[in-house]
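In: structure for the following, please:
(one chain, ligands or ions: 1)
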Amino acid sequence: MGLDLIVRRAVTPKRAEPHDIAVKDGRIVEVAPTIEAAAAQEIDADGRLVTPPFVDAHFHMDATLSLGLPRFNQSGTLLEGIALWGELKPQLTQEAVADRALKYCDLAVAQGIGAIRTHVDVCDDRLLAVEALLQVREQVRPHLDLQLVAFPQDGFHRSANAPANLKRALDMGVDVVGGIPHFERTMADGAASVRALCEIAADRGLPVDMHCDETDDPMSRHIETLAAETIRLGLQGRVAGSHLTSMHSMDNYYVSKLIPLIAEARVSAIANPLINITIQGRHDTYPKRRGMTRVPELAAAGVTVAFGQDCVMDPWYSLGTGDMLDVAHMAVHVAQMTGRDAMRTCFDAVTYSPAQILGLEGYGLEPGCRADFVLLQARDPIEAIRTRATRLAVIRRGRVVAETPARVTNLALDGRPATFDPAG
Ligand code: FE2
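Out: Numbers count the residues shown, from 1 in each chain. Purely as a prediction, here's the structure:
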């Protein structure tokens, strides 16, 4: 039948027994224990894990790789990061933003990321970051799906031109309506911004993804308004709340009412473990709060929970490697999700769950799905998280787009094996 590619003896997140995966014309056409056919290219997985691509549900591609420009964030706080970004914005050029974004996309593909939802600041009247990322979105489309969120970083009501700029950005082709209600001047302004932004999304038939309650203030309850507006406007399944860190500090009784509301509204939750653990709790002495939202409780209530990278080498975070396994690894620790099923939930939160939030067509490893997947140097998702497994091969539409040699150490120890494989 003239197959393009067969991956032999692969385990997958949903299949513990080795299977063959056959690909033709960019789609998976068969998954079976043994496929008796030849293909133009064969890859022997040898019992290793093949996963659908990693998906980053929350990122800031207009700021990435700008570390040190125009200076470093000395306090490491969210507010100094926002101030620093404000200093950098006037100096940005469309070319520099696009160059950095493209460089990050190279890294993302090498790390097996197949799709990224990135927020883009619309509070600069020039909208040059929007222009740059729209250009990058088209340029990388063959190997990476980008979804852009119109993000009023300085506040939808607090920044005078934000409403007009946000609508201009959507007119230009930005995919998702963003927001930042906790950064408005008052709680009332925050709630009003949620209402206004959800109405814009409803009018235009667009999804919503708001930075929501990224604070340790337990009284920051914009997620409640977001869920209520989602129901009022019939936006169920199209809305995500990013960060939701105030939920960490909320009163348990209030949360017992809030989580069912979020579930009823089918609002998704996106936590950013690397950033939440470093940014939150900054006003605490000891004990210091972790600050990440209530991931296991939201997941148990049936809320789709995904993890995002948020920042890599930018005004808010000096580190980051574009590795969604690093993100999942941090989540396991911060949320204390160390049970076997819980760790698998964390793996899903960087693969299947964000794919669902982004609405990716043909995502998965079933016949008919797009032939997008990653061969890892690991035997199962838990080992992948534990070792932040090497991406041996990244496949997009049936074509190998990135390869990295296996991580194997040569040892010279008397009486011990000559090599050491971190995946055992
Ligand atoms: Fe963010």
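
In: contacts only, for Gly155.
Out: With contact set as CB atoms under 8 Å, 6 or more residues apart in numbering, Gly155 has these partners: Ala162, Ile180, Phe183, Glu184, Arg185, Asp189, Ser193. In this view, the C-beta of every residue, glycine as well, is placed from N, C-alpha and C.

In: gap between the second one and Gln111?
Out: Distance from Ile180 to Gln111, counting by CB to CB, to the nearest Å: 28 Å.

In: so for those two, which sits in the more crowded spot?
Out: Taking other CB atoms under 10 Å, Ile180 and Gln111 do not tie; Ile180 has more neighbours (29 against 23).

In: tell me the confidence at the more buried one?
Out: As predicted, Ile180 sits at a pLDDT of 98.

In: next one: phi and psi at it?
Out: Note on Ile180: its backbone torsions stand at phi -150, psi 60 [degrees, to the nearest 10].

In: next: Leu376.
Out: Per-residue torsions, Leu376: phi -110, psi 150 (degrees, to the nearest 10).

In: surely His119 touches Gly179?
Out: No. Using CB atoms under 8 Å, His119 makes no contact with Gly179, being 10.0 Å away.

In: what's the overlap in contacts for those two?
Out: Joint contacts of His119 and Gly179 (CB under 8 Å, 6+ apart) are Phe151, His211.

In: same drill for these two, tell me which one is more crowded.
Out: Gly179 (32 against 29).

In: need the contact list for the closest residue to that one other than its chain neighbours.
Out: Nearest non-adjacent residue to Gly179, counting by CB to CB, 6 or more residues apart in numbering: Met210, 3.8 Å away. Met210 sits next to Gly178, Gly179, Ile180, Pro181, Val194, Leu197, His222, Leu226, Ala240, Gly241, Ser242 when contact means CB under 8 Å, 6+ apart.

In: please, which helix or strand holds Met210?
Out: For Met210, the enclosing helix or strand under DSSP states H and E is strand 208-212.

In: what's the spacing between that strand and its chain's center?
Out: 13 Å (CA atoms, centre = their mean, to the nearest Å).

In: averaged pLDDT, it. What do you get?
Out: Rounded mean pLDDT across strand 208-212 is 98.

In: can you check stretch 94-109 too?
Out: For stretch 94-109, mean pLDDT rounds to 98.

In: tell me the buried residues in that stretch?
Out: For stretch 94-109, the neighbour count (16 or more other CB atoms under 10 Å) marks Gln94, Val97, Ala98, Arg100, Ala101, Tyr104, Cys105, Leu107, Ala108, Val109 as buried.

In: Phe373 touches Ile395, doesn't it?
Out: Yes. The pair Phe373 / Ile395 is scored as a contact, 5.3 Å apart, by CB under 8 Å.

In: where do the helices sit along this structure?
Out: 78-88, 94-110, 128-140, 162-172, 187-204, 222-232, 246-249, 252-264, 273-279, 295-300, 324-334, 340-348, 352-358, 381-387 (DSSP state H).

In: can you report how many residues lie near Pro405?
Out: Pro405: 8 neighbours (other CB under 10 Å).

In: contact partners for it?
Out: By CB under 8 Å, 6+ apart, the neighbours of Pro405 are Thr390, Leu392.

In: pLDDT at it, what is it?
Out: 97.

In: try the one 5 residues further on
Out: pLDDT for Asn410: 95.

In: give the contact list for it.
Out: Asn410 is in contact with Ala418, Thr419, counting by CB under 8 Å, 6+ apart.

In: under the pLDDT cut-off, which ranges of the stretch 51-200 of the chain? List them.
Out: Residue ranges of the stretch 51-200 of the chain with pLDDT under 70: none are present.

In: now restrict the contacts of Gly155 to buried residues only.
Out: Buried among the contacts of Gly155 by 16+ other CB under 10 Å: Ala162, Ile180, Phe183, Glu184, Asp189, Ser193.

In: quick check: closest non-adjacent residue to the last one.
Out: This means Ser193. Leaving aside its sequence neighbours, Ser193 sits nearest to Phe156 (CB to CB, 6+ apart; 4.2 Å).

In: equivalent analysis for the third one, please.
Out: Setting aside the residues directly before and after it, Phe183 is nearest to Gly155 in space (CB to CB, 6+ apart), at 5.0 Å.

In: against Ile6, how distant is the residue nearest to Pro33 when sequence neighbours are not counted?
Out: Excluding its sequence neighbours, the residue lying closest to Pro33 (CB to CB, 6+ apart) is His19, at 5.8 Å. With distances taken as CB to CB, His19 is found 11 Å from Ile6.

In: brilliant, that's me finished.
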